[in-house]
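J.: Compute the structure for the input listed below.
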Amino acid sequence: MPSFTLDTSAYSAFNRGDKRLKDWFNAGTDIVVPTIVIGELRAGFAVGNRAKENEELLQRFLDSPNVFIETISDRTTKIYAQIYSGLRNKGRPIGTNDMWIAAIALQIDNELLTLDEGFENIPDLMLARV
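T.: Numbering: from 1, shown residues only. Have a look, this model is predicted:
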């Protein structure tokens with residue numbers, strides 16, 4: 001079964017009705033959601049005016065049989081350190097959370113579905129194109 005790792009930007013755009021993402025969210029595809037993405041989403045819900053509705057939508061999504069939550073492991077921390085060092089040496093930093101998300105995608109050798117720029121500078125990270 002095909003799979004991808006989900007970034008916060010792609011989840012948010014899909015829920016706003018971005019048609020480019022429609023084909024990615026289907027029962028025939030495994031979707032890996034890093035815990036960092038869940039944290040970013042819930043932080044956004046906390047400062048928004050539709051927190052309850054957004055939380056219910058997220059929970060239904062996370063409860064889907066083809067959605068899997070991925071956490072940080074010791075191996076993830078080593079990959080994160082390589083990403084951090086590489087981007088710093090290139091003078092191309094990205095946000096801390098994005099580096100964690102990329103580290104998880106690299107760890108499980110999975111494409112990252114994102115609408116954010118900056119991930120392109122991470123060696124070996126496969127990016128899903130929408």
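
J.: quick one, what contacts the nearest residue to residue 73 once chain neighbours are set aside?
T.: Nearest residue to residue 73, sequence neighbours excluded (C-beta to C-beta, 6 or more residues apart in numbering): residue 107, at 7.3 Å. Bear in mind the C-beta positions are built from the backbone N, C-alpha and C, glycine included. Taking C-beta atoms under 8 Å, 6 or more residues apart in numbering, we find residue 107 in contact with 70, 73, 75, 76, 79.

J.: What ranges does the chain have for its strands?
T.: For the chain, strands defined by DSSP state E occupy the ranges 3-6, 30-34, 67-70, 112-113, 127-128.

J.: Next, give me the two most distant ones among the contacts of residue 107.
T.: Put simply, by C-beta to C-beta the two of these set farthest apart are 70 and 79, 12.4 Å from each other.

J.: Residue 21: how many residues sit nearby?
T.: Residues lying near residue 21 (other C-beta atoms under 10 Å) number 21.

J.: Point out where this structure drops to low pLDDT.
T.: Low-confidence segments of the chain (pLDDT under 70): none present.

J.: Now do stretch 94-114: distance to the chain's middle.
T.: 7 Å (C-alpha atoms, centre = their mean, to the nearest Å).

J.: And the residue in the chain sticking out farthest from the centre, how close does it get to residue 16?
T.: Distance from the centre of the chain peaks at residue 89, with 23.9 Å (C-alpha atoms, centre = their mean). Distance, residue 89 to residue 16, by C-beta to C-beta, to the nearest Å: 36 Å.
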